[in-house]
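> My questions are about this predicted structure, shown below with the sequence.
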Amino acid sequence: MNGRDRPEGEGVVPDKLTVDLHPVFRNDQDIDQAVRAALFRAAGQKVPLLEIITGKGSGKLRGRVLAMLKQPHVKKLYRRVELAPGNDGMVLVHLR
């Protein structure tokens with residue numbers, strides 16, 4: 001049985017997960033919690049890419065997210081972080 005023979009949603013790993021921080025951008029604790037939850041979920045499900053939508057704005061939210069991703073216990077979960085090409089309002093986290 002290959003991946004195409006399985007019922008939809010069963011045992012299928014999505015190509016990416018996306019978390020939009022617009023609803024929680026005013027609360028640092030909620031930002032950290034949303035990013036951590038998405039990161040651990042993606043790592044647990046073996047999803048190769050996490051998209052974090054920060055929006056362009058002033059760049060404060062993006063800076064906060066990038067700083068959080070630099071923490072040693074978080075860095076263990078991913079290979080690299082980059083800004084989406086052509087879209088400074090999205091951070092791409094490539095997981096292990």
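Ah, there it is. Quantities reported herein were computed from a predicted structural model and do not represent experimental measurements.
> SS state for Val81?
strand (DSSP: H, G, I helix; E, B strand; the rest coil).
> which ones are touching it?
Listed by C-beta atoms under 8 Å, 6 or more residues apart in numbering, the contact partners of Val81 are 66, 69, 91-94. From N, CA and C alone the C-beta is placed, and that goes for glycine too.
> Buried residues, the longest strand along the chain. List them.
In the chain, with assignment by DSSP state E, the single longest strand is strand 87-95. Buried residues in strand 87-95, defined by neighbour count with 16 or more other C-beta atoms under 10 Å: 89-93, 95.
> Parallel or antiparallel, list what pairs with it.
Its sheet considered, strand 87-95 pairs with strand 49-53 (antiparallel), strand 78-84 (antiparallel) by DSSP bridges.
> if you compare the ones you listed, which one is most tucked away?
Highest mean neighbour count of the strands paired with strand 87-95: strand 49-53, a mean of 20 (counted as mean count of other C-beta atoms under 10 Å).
> In the protein, where is pLDDT below threshold?
In the predicted model, the chain carries pLDDT under 70 at residues 1-11.
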